[in-house]
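# What would the 3D arrangement of this be:
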Amino acid sequence: MHAFKIPPFSAALALSGALLLGPSAGADDRYLKAVFGAGSLDDGGRLAVDDPRFVGDAEADYGTGFASGLAFGAHLSPRWVVEGEYLYRTSDFDRAVFADGETFEDGNYASVVLSGSVYYLFGDDDDRLRPYVGAGLGWIQEVDVDFERGGEEISFETDDFGVQGMVGLRWRLGEKFLLDLQGRWLSASDITMEAEEGDGRVIADYEPLDLLVGIGWRF
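Modelled structure (predicted):
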């Protein structure tokens, strides 16, 4: 996975600024939140590979994934919240096995996602613990698969869009802080990732399931 791209990050800040400074958000109804967590990709997922450096498709098994990012949110009402987020996640290969038996145990399937989501919070505004559900659209501004062997990295990447659904619990910690515990599923089907060098490509689904923790400051 390569370094974060600056323009999408700037776009994330612009989106977040619109959320935070919008006229609908009052005092203590806006927040900045650090997000981190772990998750998984579907073991046994097929990577359809068309590249002269490989023979046939690959069956991939993954280790536990890691995610981290930053989110900005604003309350439209006591129950409706909009949120913009910038999230990086990665899952390393436990192994990826090609049709001829060639096996890679180094490499990963990773992404950087800029998303906008809407949440509905149950309960009342003064409740300390509130369950919620949410849905959103994500621009996967860089999704890539890297195969590594003998110090050489063969990479495939692209941009695409995905949808996501969330369920979670939000704790209000005093007047200024909040804690989120969230389960999230992101889905992007049949992504075509092009080789960084050469004419190869990989076509695969990208459907991570993550458990995320968010620590936020209300202002």
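
# outside of stretch 35-43, which residues touch it?
The contact list for stretch 35-43, computed with C-beta atoms under 8 Å, 6 or more residues apart in numbering, reads 60-62, 64-71, 85, 87, 89, 91, 94, 109, 180, 182, 184, 205-214. To be clear about C-beta, it is placed using only N, CA and C from the backbone, and glycine gets the same treatment.

# Can you list the buried residues in it?
Buried residues in stretch 35-43, counted by 16 or more other C-beta atoms under 10 Å: V35, G37, G39, L41.

# Next, format those residues as JSON lines and append distance to S117, pLDDT and secondary structure.
Converted to JSON lines, the buried residues of stretch 35-43 look like this (distance: C-beta to C-beta, whole Å; pLDDT from 0 to 100; DSSP: H, G, I helix; E, B strand; the rest coil):
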{"residue": "V35", "distance to S117": "12", "pLDDT": "98", "secondary structure": "strand"}
{"residue": "G37", "distance to S117": "16", "pLDDT": "98", "secondary structure": "strand"}
{"residue": "G39", "distance to S117": "17", "pLDDT": "95", "secondary structure": "strand"}
{"residue": "L41", "distance to S117": "21", "pLDDT": "92", "secondary structure": "coil"}
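
# can I get the residues you listed in TSV with distance to I191?
Formatted as TSV, the buried residues of stretch 35-43 follow (distance: C-beta to C-beta, whole Å):
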residue	distance to I191
V35	23
G37	22
G39	18
L41	13
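
# Tell me what E157 is bridged to.
Here E157 sits in beta bridges with D144, E194, as judged by DSSP bridges.
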